[in-house]
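[1] Give me the fold of what follows.
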Amino acid sequence: MAVFWLLAHVFVNLTSILYLGALALELTTVSISAAIRDLPCLPFLSPSAACG
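    Residues are numbered from 1 along each chain as shown. Here you go, the predicted model:
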């Protein structure tokens, strides 16, 4: 019975680490891509950029 609880504990810990790590990566990449997408128009860097 002890082996079962040990394996259950390891499984829950590993899956929670994987899930929370994936969630952190997703939130980070979404935040970065949103920040890049929402950059203000800088005509001096790209004169052909559509500002507006």
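
[2] drop to CA atoms for contacts and neighbour counts, all remaining ones
    Noted.

[3] Val3: neighbour count?
    8 (other CA atoms under 10 Å).

[4] Likewise for Leu25?
    By other CA under 10 Å, neighbour count at Leu25 equals 12.

[5] Likewise for His9?
    For His9, using other CA under 10 Å, the count is 11.

[6] so where does it fall, helix or strand?
    In the assignment (DSSP states H and E), His9 maps to helix 2-37.

[7] helices or strands up against that helix?
    The helices and strands touching helix 2-37, judged by 3 or more CA pairs under 8 Å, 6 or more residues apart in numbering; DSSP states H and E, number zero.

[8] For Ile32, the count of nearby residues, please.
    12.

[9] ok, now Leu18?
    Using other CA under 10 Å, Leu18 has 12 neighbouring residues.

[10] what does Val30 give?
    For Val30, the tally of surrounding residues (other CA under 10 Å) stands at 12.

[11] for Tyr19, same thing?
    When neighbours are counted by other CA under 10 Å, Tyr19 registers 12.

[12] let's number from 21 now, not from 1
    Got it, first residue is 21 now, which makes that one Tyr39.
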